[in-house]
Structures are given as C-alpha cells and as structure tokens.
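S.K.: Below are the sequence and a predicted model for it; my questions follow.
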Amino acid sequence: MKSAQPDHSLSSRLPARILVVDDEPRLLASLASLLRSRHYDVTEAEGGRRACQLIDRQSYDLALLDLRMPEVDGFDVMAHLASRQPDCGAIVVSGESSFAAVSRALRRGALDYIRKPFDPEELLATVESVLGKQSLLRSHEHIQMRLEKSEALHRYIVNSSPDIVFMLDGDGHFCFVNSKIETMLGYQPQELCGRHFRHILDDRDVARGTYALNAPNISADNPRTLEVRLKTRGSRRANRHFEITAFPIDPETWPRTDDEGHGNGREARYYGTARDVTERKEAEAFINFQAYHDLLTRLPNRALFKDRLELAITHARRENQKLAVMFLDLDRFKVINDTLGHAMGDRLLQAVTQRLERCLRKGDTLSRFGGDEFTLLLPSIHNHEDARQIARKLIKALRAPFQLGEHEVFVGVSIGISIFPEAGADMDQLIQNADIAMYHVKARGKDGYRFYSESMSIDTANRLSLERDLRLALERDQLKVFYQPQVCATSNRVVGLEALVRWQHPKRGLLYPRDFLPLAEETKLIARVSERVLDQACRDVGNWIRAGHEDLRLAVNLSPMQVEHPRFVETLMDQVRAHGFPPQNLEIEITENLIMNDLEQISQKLRELADLGVRIAIDDFGTGYSSLNYIHRLPIHTLKVDQSFVRAIRGGEDGACIVNAIIAMAHGLKLDIVAEGVETGEQLTYLKNLGCHQVQGFFYGPARPADAIAKSLGHVTAAAAAF
Ligand code: C2E
Ligand code: CA
Ligand code: CA
C-alpha cells in the first residue's frame, strides 16, 4: 500500500472528503477503513436516503456509490448529487455488471465503475486518479473563470475610465476605442474602428497630431503628450481640448486584438489615452485674459502691450523695418469723469475704444495703458507718413460728439509718436519718447499729434540749467531774430519776411527753436520770448518799411498759449502800436489745432485783429484738421503749405496730390498761399505750374540775421537769377 499523501492539489487545504454509500454495513465499513488508511476524510451512509441527507448538509469531493439499494438507489443518489453538488465526482462500486447498468451509471455522471468484490489497490488507484483529474479539471475551470473575471474587470476599468482609451494600428487607424468616446464626443466606438484618427482631429491640429505619432524616441517609459482639439459629432458643442498621451506597443508583448468587442483584427501598434482638458483650458484662457487685458475695454493691458512691442522690435530689427509706437491721452476726459461720474466715464472709455479700434489694421495693437491713456503699436510701417495717416484717422474718429445718456460730450486726443529705430532702440525708450511727444502736443494746444524728436527730451538736470539759462537769456538779450524771405516766384522779389527766433547761447552756440521752445512753453516763458521777438521784428521790419519797402510783410509765429490768453489782442496791438508798426504789414501765423481748441473764442479774437488790418495765416496747413469747414467762417488770408507736402513733390508721389488739392482749394477760397520748405528748382517749377507763386525755403535762402537780410531786400536773389 502506498502511504503517500492523497492528491488534493486543488484544494491543497484538507484531505479530500469522500462519501461512501452502501446498504451492506460490512462492506461499507471495510471501504471506509480502506480509504481512511490513506487519510481521506470519509463519511459513511448506510443507504441512499441517508446519502441524500448528507449531501444536503455538507459538500464532498467524491462519492463512492453502490447501485442497488432499497428505496433510494445509486442512480437516485447520483441525480441528487448532480443537482446539489455538481463539482463532486462519483465512482460506482457495484456487483451489477450488465452493460445497461454500467452505461446508465456513466451517463448519469459516474466517473468510473468498480466491480465488486473490488481489489483494494485498484480501488485506491481509481479514487486517486479521479480526484486528480477532477482537481486538474477544476483548476482549468478556475483559470478560465479567473480569465473571464479579469477580462470583465479590465473591460470595466477601460470603459469606466474618465479618459478615452484607444489603440491605433501602425498607420494610425483605430483598432480599439472605449465607450467613453460616445459620451465625450458623440461617436460610436464601432464606427471609428478602422478609421484614421485624423478623422476626429480638429483641422487646425491635423498636422501636429500626425507628426506627433511619428515622433522619434517615444516609448511606454517616454510617452508622447500633446494637446489637440477633437471634433465633436453632429451639432454638439464646440470642439473640445484633449491632452493625448500615446506610446507604441511592443509587438512582442502585445497580442493581436481580436474581433470581439471593438477591435477589427488590425494589429495594434499604439496605445493611448485622451483626457478632456477643455475646462482647464477655458479657465486658463480666462485667467490669461484677465492677466493680459483691461476688463473694462477688453483691450490688451500694459503687460501684453509690452510683450507685443518687444516681439515687434525684435522682428523689425531683424528685418530692418520701422515700427511706430503711439501714446494717446484723451483731452477733457478728467472733466467729464468728474462732472458726470465714473459710470459715465467708463462708458465713454468703452465708446472711445470702439471708435479707435475701427481705425486699426490687422496686426496693430491698441492697449489701455491706464486711466485715459492708450498706447498703439503699428508693427510694420514704411515711413512716417503711414503713422501720420493713422494718427489723423484716430483724431478724426474721436471728433464727433459722444452721446452719454442725455449728455453730448466732446473729447479730443493728443497723440505722441515715436518711430523705431530713430526715436529709441528699445521698448521703454519708445514708450517714454512717445509719452514725451504726447506731452508736447498737450503743451501746444492739445488735440493733435507729434513725432518725437531728440530735442524734446532734455534730461531734468539739463532742463533745469536750460531753464535758468533761458531766464538769463531774456535779461541779457541773447535771443535773436532771424528772417527768412518769402519770395514771389514770378518776380523774384522778396514780399515778406518770417521772423524766426534764435538763441545765441554763451556756451552752446546758436540754438534753434526746437532746442528751447518746448521748454519755454512748459515753463510759460514763451510769452516773454514772443514779446521779445515781436519787439525786435517790429523794430527791424518797421525800419525797412520806412526805408521804402512799404509792402514788406512781417510774419510772426504765435504760440497757442499766447493766443489763448484773455488779453491777447490788446497786448499784441499795444506792442505793434508802440513801434508805430502798420498793422496791415503784419501777418500772424497760427496752427489749425489752436483754432479748433476753442473755435468760438479764437475766431472772435481773430476777427478783432482782422478788423484792425492784421493778416492771419494758417501755419503748417494740412497737418492738423482735414476739416476745412471752418476756413471760410474765419478771417483767414493765407495758407502756408506744410514742408512735408512740398518735400513729397518728387516724381509724382502721393504728397504731391495734397499740394495740388490745397492749392486748388486756396484758389477757390481766394486765399493767398505760401509754400514752405522749397529747396529745389523742381519743386519751384511744380508749384509755379500750379499757380502757387509765393514760396519760402532754402532755395531762396534760410533765415538770416537782420543785417544779412537788409542787403537782399527788394533784389532778385542770386539763386533765383540763375534759375
Ligand atoms: P515754422 O513756422 O514752420 O518755420 C519754418 C521752419 O522751417 C523754420 O525752422 C525754418 O528755418 C525751416 N525752413 C525754412 N525753409 C526750409 C527749407 O527749405 N527746408 C527745411 N528743411 N527747413 C526750412 P525754425 O526756424 O527752426 O523754426 C521751427 C519752428 O519754431 C517754426 O516752424 C515755428 O513753429 C517755431 N518758431 C520759430 N520762431 C518762433 C517764434 O518767434 N515764436 C513762436 N511762437 N514760434 C516760433
Ligand atoms: Ca511759421
Ligand atoms: Ca510752418
């Protein structure tokens, strides 16, 4: 007898439990003791009825049955066993040896058949082998079951994942996609399988998405992550943002996907997940927007403006291009804000923003810099003229009144312009210089634009010393008046002289108006400067008039501050009379912007002067308001065509058209016209052909001191004679 341990590999817990059933007590006892000798756990049942009771009560691994028993026989017990404990095997131990009985027993589920009287060794071997087979069978079942369970588990995990899970073949076609895709994007997993993944990529991301899949060095340890937009199906929401993580599957370790589920028999080469990050994106976008925009006007804020400017400068430097920075400051905003309240002020800022935005081209950046200040970046311009045109457009756009509730308000804008690279090599310089230029517009009557020039920014230390010097200059008579001839181009006679101030600085040499007039205006010394110039000019030109040049005209420039002074007319006339200067020989030069600042007041003053015989000229005509409505309502005698238009007379540039228009208009209004800045014979001929006969410029000579001018008065000038 083998004394080996019974095989109970499956349970590996306890000895196998065996139920032994026989109505013959001796046989039952001997069977039981034989099995117990092999350490099986044996239960005895004397008869079928008792066996069925035991089967109901506890479980067995194997039953050894007699077939022929009274009342409840072996077949009945097998039937009962099959229904209650299908896992329990049965071996028939019977004296019945008919074919019919054996086959019936086997059909009922008996695993083996041992004939009585049995050979103990044979019986034990059969029991052992049946138990062994059974455990093997059970362990197979167990694995199968575990597999099924784990597959179900994986399917569960995959489908209830918060992300889309997918597999692609080597060409990027879907082999598998979990059901999440339906709730997230509206596709059925089955319809996508076999389709290329670009089918669901937003068109804008196709190139990026396709490229990413083929990127080198991606693996499970180093997956590829990228953000793309995926299309939603049908008329669902807008496309959504996903973060895709994907890596190639090692073909050694991954089986072919089967047709079951959503696979389609293609070989999976990539595994990936797609996480919906739309909300995060939207939150980010909003935070970003807040950080970089002004929420009132929705314009870029200072930080974003600086970012864009920085980029634009880098680009312009590389491409050797120009760019313009404008600094805009609203005129009269503070008054409106204070009188109508902040709510109205806010509405006004929004309305202003809308109008300004309409003047811009794609690529320009308008930003709210703070309060009523705006900055504008024109990233690529060809020349100053481009910026000039935009500045004019902006000024014009704000000219019409704004309706705020029942209030109609007027705001103007002062614009300072700095051009890269002339006005500054870096961002801070460009902004600062545009600001300085804007300040000069404010100082010279507001509502207009100016380009930055170096003379505008004298550093503070320099400024203080210059201011002190200027006060001294007034006391010590260092200011000089130079005269530039205004010549009749047909007769070549000097018909007028424009008085232009110069400063003979003891250390710095001869200074020009641009070097000190802005400072004079800021410090309000301009009134004294002008008084000095007018005094000197009345004296000089008065002498020449009395010497025989009765028609000689004296043109003087007036600053807005002077004209806006309430006692302007009296002060001016007192001075003129003090020198006995004939008013009809005097022409004052003022700018368009000055007039528009306070049309009522100014036109009143001009009318008084005109009535006294003084002539009025509009200086730098064409650079300010393009509206000409006011001209025929004002006592104006002369238009001075700005130098920039004259300069543009070169082989029929656009600027020349403006000259044509201004001259035609002046003729229509019966106004005199003086062209400034005439430097070449070509310009002179062009102007003469248009019927503009009075010119001023280097062609006939620059402004010169009184003694130099005296000699040429009334004479044909040398340059002109040669022409
Ligand atoms: P503006 O009234 O437009 O004067 C014309 C300027 O152009 C003068 O510069 C003159 O020297 C210059 N110019 C004349 N012909 C030519 C030319 O052919 N080519 C070029 N490139 N330039 C030419 P300036 O003397 O430096 O005066 C600059 C500005 O200063 C004047 O512009 C005027 O607005 C102001 N200004 C001059 N004197 C006075 C003054 O006594 N009082 C006031 N309030 N302003 C003055
Ligand atoms: Ca002038
Ligand atoms: Ca001028």
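M.R.: Right, received. Where do you want to start? Ligands and ions are numbered 1, 2, ... in the order given.

S.K.: burial measure for K306, as a count.
M.R.: 18 (other Cβ atoms under 10 Å). To be clear about C-beta, it is placed using only N, CA and C from the backbone, and glycine gets the same treatment.

S.K.: Likewise for Q354?
M.R.: 11.

S.K.: P162 now?
M.R.: Neighbour number of P162 under other Cβ under 10 Å is 9.

S.K.: Check the contact between it and A274; I expect there is one.
M.R.: No: with contact defined as Cβ atoms under 8 Å, P162 does not count as touching A274 (10.6 Å).

S.K.: Which residues are in contact with whichever residue of the stretch 451-600 of the chain sits closest to ligand 3?
M.R.: In the stretch 451-600 of the chain, the residue that lies nearest ligand 3 is E589 (7.1 Å; Cβ to the ion). Contact analysis of E589 by Cβ atoms under 8 Å, 6 or more residues apart in numbering lists 498, 555-558, 617-619, 640.

S.K.: So which elements touch the strand or helix carrying A32?
M.R.: Using DSSP states H and E, A32 maps to helix 25-36. Applying 3 or more Cβ pairs under 8 Å, 6 or more residues apart in numbering; DSSP states H and E, one finds that helix 25-36 contacts strand 17-21, strand 41-45, helix 120-159.

S.K.: of all these, which lies closest to V409?
M.R.: Closest to V409 of the helices and strands packed on helix 25-36 is helix 120-159 (Cβ to Cβ; 63.9 Å).

S.K.: burial of Q429, as a residue count?
M.R.: By other Cβ under 10 Å, neighbour count at Q429 equals 17.

S.K.: which residues sit in contact with it?
M.R.: 418, 423.

S.K.: Could I get the full set of strands for the stretch 201-350 of the chain?
M.R.: Assignment of strands within the stretch 201-350 of the chain using DSSP state E, counting those that start in this stretch yields the ranges 224-230, 240-248, 268-276, 322-331.

S.K.: Check these for me and report the most buried one.
M.R.: strand 322-331 (a mean of 24; mean count of other Cβ atoms under 10 Å).

S.K.: Looking at the stretch 51-200 of the chain, which residue is nearest ligand 3?
M.R.: R198 (64.6 Å).

S.K.: Can you tell me the SS state at that residue?
M.R.: helix (DSSP: H, G, I helix; E, B strand; the rest coil).

S.K.: do P162 as well
M.R.: coil.

S.K.: related to what we said a few turns ago, could I get the strands of the stretch 201-350 of the chain as CSV with mean pLDDT?
M.R.: Shown next, in CSV, are those (pLDDT from 0 to 100):
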stretch, mean pLDDT
strand 224-230, 88
strand 240-248, 89
strand 268-276, 88
strand 322-331, 94
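
S.K.: Figure out which of the ones you listed is closest to ligand 3.
M.R.: strand 322-331 (22.7 Å).

S.K.: Quick one: list the elements packing against the closest one.
M.R.: Looks like strand 322-331 contacts helix 302-319, strand 373-381, helix 384-397, strand 412-420, helix 427-443 (3+ Cβ pairs under 8 Å, 6+ apart).

S.K.: Touching, F369 and T375? I think so.
M.R.: Yes: applying Cβ under 8 Å as the test, F369 and T375 come out as touching, 4.8 Å apart.

S.K.: Contacts only, for the closest residue to R388 other than its chain neighbours.
M.R.: The spatially closest residue to R388, leaving aside those adjacent along the chain, is Y449, at 7.3 Å (Cβ to Cβ, 6 or more residues apart in numbering). By Cβ under 8 Å, 6+ apart, the residues touching Y449 are 326, 388, 391-392, 395, 414-417, 441.

S.K.: what residues go with each domain of this structure?
M.R.: The chain breaks down by automatic domain parsing into domains covering 17-160, 164-283, 295-458, 464-712.

S.K.: what packs against the helix or strand hosting L472?
M.R.: Assigned by DSSP H and E, L472 belongs to helix 460-476. Contacts defined by 3+ Cβ pairs under 8 Å, 6+ apart place helix 460-476 against strand 493-505, helix 513-522, helix 526-546.

S.K.: what about the second one and ligand 3, touching?
M.R.: No: with Cβ under 5 Å from the ion as the threshold, helix 513-522 lies outside contact range of ligand 3, at a closest distance of 11.0 Å.

S.K.: Nearest residue to the residue of the stretch 51-200 of the chain closest to ligand 3 in space, ignoring adjacent ones along the chain?
M.R.: V206 (5.3 Å).

S.K.: returning to what we had before: select from the domains of the chain the stretch with the lowest mean pLDDT.
M.R.: Mean pLDDT values for those show the minimum at domain 164-283, a mean of 81.

S.K.: thinking in terms of the whole chain, how far from its middle is that one?
M.R.: 28 Å (Cα atoms, centre = their mean, to the nearest Å).

S.K.: Same question for stretch 416-430.
M.R.: 23 Å.
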